[in-house]
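J.: need a structure here:
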Amino acid sequence: MDLGTIVGLGLGFSMVVVGVLIGGAGLGPYLSPDSVLIVLGGSFGAMLVANPMSRMLGIVKFLQLALNKPNWQEEKLIEDLVGFSERARREGLLALEDNLDQIDDDFMKKGLGLVVDGIDPEIIKNILYNELNEIQSRHEAGIKVFDDWSKIAPAFGMIGTLIGLIAMLVNLGGDASIIGRGMSTALITTLYGSFFANLALIPIKSKLQDRDKEEARAKEIVIEGILSIQSGDNSRILFEKLMSFMPPKQVEAIRNASGRE
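T.: Alright, predicted model coming up:
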C-alpha cells in the first residue's frame with residue numbers, strides 16, 4: 001500500500017472540511033446531491049462516450065495500481081543478472097537453462113530463454129522492447145483516462161453553474177428559496193468539479209506516470225542485462241552498466257550490499 005497516496009487524499013479532504021467548518025457556515029450548505037450527479041455522473045458519462053467500455057471497466061485496476069506501490073526489486077534483478085553472467089562465462093550460455101525454472105520474473109525468464117535458444121541478439125532486443133512498448137501503451141491508456149477526466153470534470157462543474165444560473169433567473173422575482181437553491185447549485189458544482197479534479201484525478205494521473213517509469217526502468221535493466229550476458233560481458237562491466245539505471249542513493253546501498261565498492 002502506498003501510504004503517500006492514502007495520506008495525501010485523506011489530508012487534502014480533511015483540510016478542506018476543516019476549512020469549511022472554520023468558515024462558520026457548517027457542512028450543510030456544501031452538501032448538494034444534485035451537484036454530485038451533475039459533476040460525477042455527467043463526467044463519467046462523457047468518459048464512457050470517449051473511451052471503450054473495457055477501458056472504463058479497468059478503472060478499478062488503475063486505481064489499485066495508484067494505491068499500491070509495486071516492488072520491482074531492482075537490487076535482486078541486478079544481483080541475479082550478474083550471477084547469471086558469471087555462470088555463463090564459466091559454463092557457457094546453455095548452462096543458464098537450469099536456472100530458468102527458478103526465475104520469478106516472467107520478463108527475465110522469457111529473455112534468458114531466448115538467449116539459451118541461441119536467438120540473434122537484435123531479434124531478442126526487438127522482442128523485449130516490443131513487449132515493453134506494449135506494457136507502456138497499456139499504462140498510457142490508463143493515464144489518459146484520468147488525464148481526460150481531470151479536464152472533463154471541471155467542465156461539468158461549469159455546466160452545473162449554468163444550470164443553477166438558469167434556474168435562478170427563471171425564478172427571479174419569485175420564491176427566494178428557489179433563487180437561493182439555484183445560486184447554490186451554480187457555485188457548488190464548480191467547487192465539486194475543481195475539487196474532484198485537483199485532489200483525485202490529476203494526482204492519480206501523476207502517480208500512474210510514476211508507476212510507468214518505475215516498471216519501464218526495471219524492464220530496461222533486464223533487457224540490458226540479458227543482452228550483456230549474451231555478448232559475454234565481464235560481470236564487473238555488467239554490474240556497472242546496470243548501476244547506471246539506478247538513483248544515486250540506491251547505487252550506494254547496492255554497492256555496499258554486494259561488496260562491489
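J.: Just list the residues touching Val116, thanks.
T.: Neighbouring residues of Val116 by C-beta atoms under 8 Å, 6 or more residues apart in numbering: Leu93, Leu94, Leu96, Glu97, Leu100. Quick note: C-beta positions are derived from backbone N, CA and C, even for glycine.
J.: do the same with Gln73
T.: Residues near Gln73 by C-beta under 8 Å, 6+ apart: Ala218.
J.: Can you give me the distance of it to Asn126?
T.: Using C-beta to C-beta, to the nearest Å, we find Gln73 at a distance of 26 Å from Asn126.
J.: follow-up on the earlier one: show me the contacts of Val116 that map onto strands.
T.: Among those, no member falls in strands (DSSP state E).
J.: filter those to the buried ones?
T.: The neighbour-count criterion (16 or more other C-beta atoms under 10 Å) marks Leu93, Leu96 among the contacts of Val116 as buried.
J.: Dump the contacts of Val116 into TSV; add pLDDT and distance to Gly160 as well.
T.: Converted to TSV, the contacts of Val116 look like this (pLDDT from 0 to 100; distance: C-beta to C-beta, whole Å):
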residue	pLDDT	distance to Gly160
Leu93	88	64
Leu94	88	67
Leu96	87	61
Glu97	89	63
Leu100	87	58
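J.: Turn the contacts of Val116 into TSV, including distance to Val145.
T.: Compiled in TSV, the contacts of Val116 are given as follows (distance: C-beta to C-beta, whole Å):
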residue	distance to Val145
Leu93	43
Leu94	45
Leu96	40
Glu97	42
Leu100	37
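J.: between the contacts of Val116, which is nearest Leu57?
T.: Leu100 (35.1 Å; C-beta to C-beta).
J.: Residue ranges of each domain in the protein, please.
T.: Domain assignment for the chain by automatic domain parsing gives 1-31, 32-261.
J.: Please work out which of the ones you listed is packed deepest.
T.: Ranked by mean neighbour count, the domains of the chain are led by domain 32-261 with a mean of 16 (mean count of other C-beta atoms under 10 Å).
J.: For the stretch 151-261 of the chain, give me the ranges with low pLDDT.
T.: Within the stretch 151-261 of the chain, the segments meeting pLDDT under 70 span 173-180, 182, 256-261.
J.: now that we're looking at Leu81, how far away is Ile223 from it?
T.: 10 Å.
J.: Oh, that last question was meant for Gln73, not what I typed.
T.: 16 Å.
J.: which residues touch Ile38?
T.: Taking C-beta under 8 Å, 6+ apart, one finds Phe156, Gly157, Ile159, Gly160, Ile163, Thr185, Thr189 in contact with Ile38.
J.: try 6 Å
T.: Applying C-beta atoms under 6 Å, 6 or more residues apart in numbering, we find Ile38 in contact with Phe156, Gly160, Thr189.
J.: ok now do the first one, which residues does it touch?
T.: Put plainly, it is Phe156. Phe156 touches Ile38, Val39, Gly42, Ser43, Gly193, counting by C-beta under 6 Å, 6+ apart.
J.: ok, the fourth one touching Ile152?
T.: Yep, that's Ser43 we're talking about. Yes: shown here, Ser43 and Ile152 form a contact pair, counting by C-beta atoms under 6 Å, at 4.7 Å.
J.: Tell me the residues that contact both of those two, please.
T.: Both Ser43 and Ile152 lack any common contact, where contact means C-beta under 6 Å, 6+ apart.
J.: which residue ranges form the helices in the stretch 1-150 of the chain?
T.: 3-23, 33-36, 42-50, 53-57, 59-67, 74-91, 106-116, 121-170 (DSSP state H, counting those that start in this stretch).
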